[in-house]
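# predicted model, plus sequence, below.
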Amino acid sequence: MLYALILAGGKGTRLYPLSRSDNPKQFLKLMNNKSFLRNTVDRIKPIINKENIYVVTNEEYLGKIKDELPEINEENIFVEPENKETATCIGLSAIKLLKKDKDAVMLVLPSDHYIEGEKQFLDTLNQAVEIAEKRRGLVTIGVNPTRPETGYGYIEMGQRINGEIATYKIERFTEKPNIEVAKDFLLKGTYLWNSGMFIWRADALHTKLQ
């Protein structure tokens with residue numbers, strides 16, 4: 001079954017001073033009078049039942065999460081015992097989902113994205129889920145870069161995989177390059193920004209982490 005894991009424990013420092021530690025970016029209402037977190041949940045409702053939407057956060061933001069997402073069951077909110085890096089909370093959440101459903105497929109989504117073209121986005125997610133299930137692969141979504149950005153990670157595209165939506169094997173990840181390397185990536189045209197969105201079977205991720 002398909003589940004969403006929404007990452008909502010970050011401090012949102014990139015949008016300072018609008019975003020503060022007591023009210024980080026995921027709770028800001030900068031468009032359509034809804035927070036980034038609220039929009040993230042609403043965006044995926046056409047393909048995921050609300051009972052299968054999970055949120056991972058920290059103790060500090062638990063009250064805000066409940067206020068923003070009253071339809072999400074409290075047991076679907078994972079509170080990190082400590083504020084660790086993203087990989088740790090994803091791994092812990094995968095183990096919890098596997099205890100519930102040995103065939104769980106996870107959509108891992110940041111809670112602070114603005115996305116245009118929501119139908120195309122959902123079509124992309126559906127194809128990614130199909131790849132994750134059939135190939136037991138770990139899938140990520142890249143964004144075409146528009147400038148040499150040093151604050152984002154990059155994905156180098158490899159061999160094309162069959163699919164209606166352009167899909168590629170990954171050659172390598174590069175985390176936050178300097179400006180000269182970022183300019184080179186932009187010129188090559190084979191690099192994407194790493195969006196931080198991932199799709200995989202929970203058991204495939206667990207196997208990779210062992």
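Received, thanks.

# give the contact list for residue 166.
Neighbour list for residue 166: residue 160 [criterion: CB atoms under 8 Å, 6 or more residues apart in numbering]. Glycine gets a C-beta too; all of them are placed from N, C-alpha and C.

# residue 143 too?
192-193, 195.

# nearest residue to it in space, please, no chain neighbours.
In this structure, residue 143 finds its nearest non-sequential neighbour in residue 193, 4.3 Å apart by CB to CB, 6 or more residues apart in numbering.

# can you list contacts of the host helix or strand of that neighbour?
Element membership of residue 193 [criterion: DSSP states H and E] is strand 191-201. By CB under 8 Å, 6+ apart, the surrounding residues in contact with strand 191-201 are 7, 86, 90, 103-110, 113, 125, 128-129, 131-133, 136-145, 149, 152-157, 173-174, 185.

# buried subset of the residues you listed as a PyMOL selection?
Here is the PyMOL command that selects the buried residues among the contacts of strand 191-201 (16 or more other CB atoms under 10 Å):
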select buried, resi 7+90+104+105+106+107+108+109+110+113+125+128+129+131+132+133+137+139+140+141+142+145+149+152+153+154+155+156+157+174+185
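
# only the C-alpha atoms, please, for the helix or strand following the strand holding residue 193, written as PDB.
Remark: after strand 191-201, the chain's next helix or strand is helix 202-209, criterion DSSP H and E. Extracted in PDB, the C-alpha atoms of helix 202-209 (Å, rounded to 0.1, in the frame of the first residue of the first chain):
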ATOM      1  CA  ALA A 202      10.200   0.500   2.800                       C
ATOM      2  CA  ASP A 203      11.700  -2.900   2.700                       C
ATOM      3  CA  ALA A 204      14.000  -2.000  -0.100                       C
ATOM      4  CA  LEU A 205      15.200   1.100   1.800                       C
ATOM      5  CA  HIS A 206      15.700  -1.100   4.900                       C
ATOM      6  CA  THR A 207      17.800  -3.600   3.000                       C
ATOM      7  CA  LYS A 208      20.000  -0.800   1.600                       C
ATOM      8  CA  LEU A 209      20.500   0.600   5.100                       C
END
